[in-house]
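*Asks:* Turn this into a model:
(2 chains)
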Amino acid sequence: MVEKTSSNSTATMPSPVPGKGKRLLAQVAFLAALMAFLGWSWTGTEMNLSELANSGPRLSNFLSRMFPPDLTWTPTEARPFVPPLRLAGETVAVTLQISLLGTFLGTLAAFGLGFLAAENLTPRWVHHSVKTFLALLRSIPVLVLALLFVAAVGLGPFPGVLAIAIHSIGMLGKLFAEQCESAEWGVWEALDSAGAGWLQKIRFAIWPQVAPQFASLILFRIDMNIRDSAVLGFVGVGGLGLWIENYRRAFDYQSVATMVIVTMLVVLAVEQTSIQIRRRLR
Amino acid sequence: MVTIEHLEVRYGKNKSPALAIDSLRIEAGERVAVIGPSGAGKSTLLRSLKGYVQPVQGKIEILGCNLLLASRSQRNRVNRRMGLIYQQFHLAPRMTVWQNVLCGRLGEARSLPSLFGYFPKRDRRIAWEAVCEVGLADLAHQRAGTLSGGEQQRVAVARALAQRPSLILADEPVSSLDPLRAGEVLELLSEVQTHHDTTLFMSLHQPRLAKAYAKRIIGLRNGRVVFDGPPDALTTSTMEGIYGGKNLLQFDGDDAVTGSR
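*Replies:* Here you go, the predicted model:
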């Protein structure tokens, strides 16, 4: 009797993981595809480990030319440029100005476009076209934008502000829209039920839910824009990058080192500040 | 107030309709509860009155306006006179009680000033009366999200009241509250209905509460009206007809009825 029931129960018991064989096959196929892709990239990019292993002397040569960082204050006849420490305050200021103003202008545009790009807030044709537009903006590298605006309005920080602003719209608009899409829908319906119009529903049903996230995204974007605006110096926009490039062209690697350290300090300081603010927003 | 004729609602390509009501009339000043098992069509019925559910066919007339034929602006006008209360409250948690209640006036206030938080004195007065009526004047400047469930539902009632509604629709208003808060909220809804002489149309999960707080009970099963009558007519056998089962333990006759009015 006992034997019979036990054999019965094993006969009807389903396998422990349903569809196990199929899933294993899928996993193997995925791994194979991943390996193939990585191998293709390895050969395509001419990865060379022995070259890397022998790079020590060249690397240390380069780094030794940067050491020690130039911390002098008084200009000398022998050098084409003023010492980096004298310029640090001014260039950091320009970089901060470019990124803050650029982020602000980009945020303004992204704010309107973000609501229009949200699937739950606008008709299909509106959010589709706005989303496509935002994707197009994102696809233009910030350096290309900067080159474009340098050609349009000349050298200096101004084209940097424009490039940063345009570049920020694409990302901020998309992420703003995603926040709106994940907002809790009930409040919208409740206000709709009270007869509220579209803008009123945005203002009172969506905005209170997304405002803290928007602020956090903007702070994150400021972070990125400070790094971006430092790089923009290489194409003639003012700020830290411009001076890194100037010193490099003059083979003044010790000053390059100083500027790089200053850049790192600024980026770290801004990141810490924004982490602190974002923590308080929660 | 509300007249429904030959209404049929279907979801997707389902064979059986979610709602099939031949004829249903609700007069002004009634206090009606819809009961029935889960999936019987209680929410669908309430939401179709608001226009959130598109019927396949039929006629819904509210305040003399044929909803399915009316123009958008006519529909909006009727909609504004229907306050809706939800099981999950649907308040903006980061706004204060006062701001949430003011939102009930959005349909009447002019758009641009309201976006900056400015509401005319008349709207503020009506909203404040609503806040006081639900007994939340002391908490008016607290964020709605910090309130307890029962208090949040009071805010939602005040928001609906701020619409000066002719009809209050309450979709399972107490299903996420404990028994004590549930009783309090239903008590409040009943008082509000009497005091403003509006119509209250609510769906309830528990027949016991329906018996205690409604003056007319409609039983739905599989989208059809299988009972329509006063609370006294709701007996154990009619209950079995609505819920389709014997030994309905949650329904133990008149003994369980509390606070009958």
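*Asks:* which residue packs closest to residue 65, ignoring adjacent ones?
*Replies:* No chain specified, so I'll use chain A. For A:R65, the nearest residue in space outside its immediate sequence neighbours is A:Y253; the separation is 4.3 Å by C-beta to C-beta, 6 or more residues apart in numbering or on different chains. For glycine as for every other residue, the C-beta is placed from the backbone atoms N, C-alpha and C.
*Asks:* not what I meant, chain B
*Replies:* Of all residues beyond its chain neighbours, the one nearest B:C65 is B:V78 (4.7 Å), with distances taken as C-beta to C-beta, 6+ apart.
*Asks:* count of neighbours near the one you found?
*Replies:* Other residues lying near B:V78 total 23 when counted by other C-beta atoms under 10 Å in any protein chain shown.
*Asks:* repeat for A:Q254
*Replies:* As a burial measure, the neighbour count of A:Q254 was computed by other C-beta under 10 Å and equals 17.
*Asks:* I'd say it and A:L63 touch.
*Replies:* No: taking contacts as C-beta atoms under 8 Å, A:Q254 lies outside contact range of A:L63: 11.3 Å.
*Asks:* Distance check, the residue nearest to A:R65 against chain B.
*Replies:* Per C-beta to the nearest C-beta, to the nearest Å, A:Y253 is found 52 Å from chain B.
*Asks:* Pretty sure that residue sits against A:P68.
*Replies:* No: contact criterion C-beta under 8 Å: A:Y253 and A:P68 do not qualify, at 10.8 Å.
*Asks:* Look at those two and report which has more neighbours.
*Replies:* A direct count of neighbours by other C-beta under 10 Å for A:Y253 and A:P68 places A:Y253 higher, at 19 against 9.
*Asks:* For the closest residue to chain A within the stretch 51-200 of chain B, which non-adjacent residue is closest in space?
*Replies:* Across the stretch 51-200 of chain B, no residue is closer to chain A than B:G107, which sits at 2.2 Å (C-beta to the nearest C-beta). The spatial neighbour of B:G107 that comes closest, neighbours along the chain excluded (C-beta to C-beta, 6+ apart), is A:G195 at 2.2 Å.
*Asks:* What's the separation between the most centrally placed residue in chain A and A:V144?
*Replies:* Nearest to the centroid of the C-alpha atoms of chain A, with distances taken as C-alpha atoms, centre = their mean, sits A:M224, at 5.2 Å. Distance, A:M224 to A:V144, by C-beta to C-beta, to the nearest Å: 17 Å.
*Asks:* ditto for B:R164
*Replies:* For B:R164, the distance to A:V144 (C-beta to C-beta) stands at 58 Å.
*Asks:* The two: who's more crowded?
*Replies:* Just comparing B:R164 and A:V144: by other C-beta under 10 Å the higher neighbour count belongs to B:R164, 17 against 13.
*Asks:* For my notes, confirm the more buried one occurs in a strand.
*Replies:* No: when DSSP: H, G, I helix; E, B strand; the rest coil is applied, B:R164 is found to be coil, with no strand at that position.
*Asks:* So for stretch A:250-259, what gets flagged as buried?
*Replies:* Counting neighbours by 16 or more other C-beta atoms under 10 Å in any protein chain shown, one finds that the buried residues in stretch A:250-259 are A:D252, A:Y253, A:Q254, A:S255, A:V256, A:A257, A:T258, A:M259.
*Asks:* Not counting its own residues, what contacts the lengthiest helix in chain B?
*Replies:* Using DSSP state H to define each element, chain B has its longest helix at helix B:179-196. Counting by C-beta atoms under 8 Å, 6 or more residues apart in numbering or on different chains, the neighbours of helix B:179-196 from elsewhere in the structure are B:31, B:85, B:133-134, B:148-150, B:153-154, B:157, B:161, B:168, B:170, B:173-174, B:177, B:198-200, B:202, B:209, B:212-213, B:258-259, B:261.
*Asks:* Distance from that helix to the middle of the chain?
*Replies:* Helix B:179-196 sits 12 Å away from the centroid of its parent chain (C-alpha atoms, centre = their mean, to the nearest Å).
*Asks:* can I assume B:L84 sits in a helix?
*Replies:* No: the assignment for B:L84 by three-state DSSP gives strand, which leaves it out of any helix.
*Asks:* my read: B:R75 touches B:K50, true?
*Replies:* No: taking contacts as C-beta under 8 Å, B:R75 lies outside contact range of B:K50: 9.9 Å.
*Asks:* now the helices: where do they sit in the chain?
*Replies:* Picking chain A for this. With DSSP H as the criterion, chain A has helices spanning A:2-12, A:20-44, A:49-53, A:56-66, A:84-117, A:124-139, A:142-153, A:157-181, A:186-193, A:198-201, A:207-232, A:240-249, A:253-281.
*Asks:* Chain B was what I was after
*Replies:* In chain B, the segments counted as helices under DSSP H are B:42-50, B:72-80, B:97-102, B:111-115, B:121-133, B:149-162, B:179-196, B:207-213, B:236-243.
*Asks:* Thanks again, I'm all set now.
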